[in-house]
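Student: What follows is a predicted structure for the sequence shown.
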Amino acid sequence: MLRKKFIPLLLAAAVLVGAGTAYAGHGFAVRAGEKNQKQVQSQNTSNGKSWWQSFCQTTPKRIGSIIHNEGETNRLKAQVRQKSLDVKREIQQLRLQGTPLTQEQMECIRQATALLRQSRTSLSSEELSVGQVMSRLRSHKKMRNAEGCIREMDRIINIQQQRNAVLKGTLRQLEELEKTLKSA
């Protein structure tokens, strides 16, 4: 779902990078229309490259990382959905067989249910924060603010990594629950 939102914006950022590479030796300020060459040259990094050159070199890596993280998120969401269905089927089978659940199994079910609710809440709040970051990224892109674009892309990557960690934890909890139920 977010991939549809990310791709056009990331392609626009890539175009911004591509357009700026011709100006890389002159710095981003010239690209933005500023005429102050001293300001541009004072923005050089310790290795002799302007921050615009650094931006042009690191942005494709960030875009690739964002796309990779989004793919991993979709894969993890599908695994969590499937594992959740498997656990529900296992619980239904135990009920149909009339097998009483042990106290340990009931506690494991409660913990897994609480974790699923918590992860859904966490994921939905992260979706909102990604939307806000994307809005700021669009604004920085429109203003041709390379540092702002880098900062917002890093925030998106960080949010995606947190989301993937939540999904992995949820998946582990569901696998543990499934093992507990199968041991009945």
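Tutor: Sure, I can see it. Numbering: from 1, shown residues only.

Student: So which helix or strand of the protein has the lowest pLDDT on average?
Tutor: Every helix and strand of the chain was ranked by mean pLDDT, DSSP states H and E. The lowest is helix 28-31, at a mean of 38.

Student: The nearest residue to residue 79 once chain neighbours are set aside sits in which helix or strand?
Tutor: Spatial nearest neighbour of residue 79, excluding adjacent residues (C-beta to C-beta, 6 or more residues apart in numbering): residue 171 at 5.7 Å. C-beta coordinates here come from the backbone N, C-alpha and C atoms, glycine included. Following DSSP states H and E, one finds residue 171 within helix 146-182.

Student: List the buried residues for that helix?
Tutor: The neighbour-count check on helix 146-182 (16 or more other C-beta atoms under 10 Å) flags 146, 149-150, 152-153, 155-156, 159-160, 163-164, 166-167, 170-171, 173-174, 177-178, 180-181 as buried.

Student: go on, stretch 129-139?
Tutor: 130, 133-134, 137.

Student: Quick one: which of these has the lowest pLDDT value?
Tutor: By predicted confidence, those are weakest at residue 130, whose pLDDT stands at 71.

Student: I'd like to know how far it sits from residue 157.
Tutor: Between residue 130 and residue 157 the computed distance is 11 Å (C-beta to C-beta, to the nearest Å).

Student: Please enumerate the strands of the chain.
Tutor: For the chain, strands defined by DSSP state E do not occur.

Student: Mean confidence (pLDDT) on the helix ranked longest in it, please.
Tutor: Selection of the longest helix in the chain by residue count, based on DSSP state H, yields helix 51-97. Summarised as a single mean, pLDDT over helix 51-97 is 84.

Student: Stretch 114-126 now?
Tutor: Averaging pLDDT along stretch 114-126 yields 77.

Student: next one: stretch 141-156
Tutor: 77.

Student: Could you name the helices and strands sitting against the helix holding residue 171?
Tutor: helix 2-21, helix 51-97, helix 103-142 (3 or more C-beta pairs under 8 Å, 6 or more residues apart in numbering; DSSP states H and E).

Student: try 6 Å
Tutor: helix 51-97, helix 103-142 (3 or more C-beta pairs under 6 Å, 6 or more residues apart in numbering; DSSP states H and E).

Student: got the angle between the longest one and helix 103-142?
Tutor: So the one you mean is helix 51-97. 150 degrees (axes from the mean of the first three to the mean of the last three C-alpha atoms, to 10 degrees).

Student: Packing partners of the longest helix of the chain?
Tutor: Secondary-structure packing of helix 51-97 (3+ C-beta pairs under 6 Å, 6+ apart): helix 2-21, helix 146-182.
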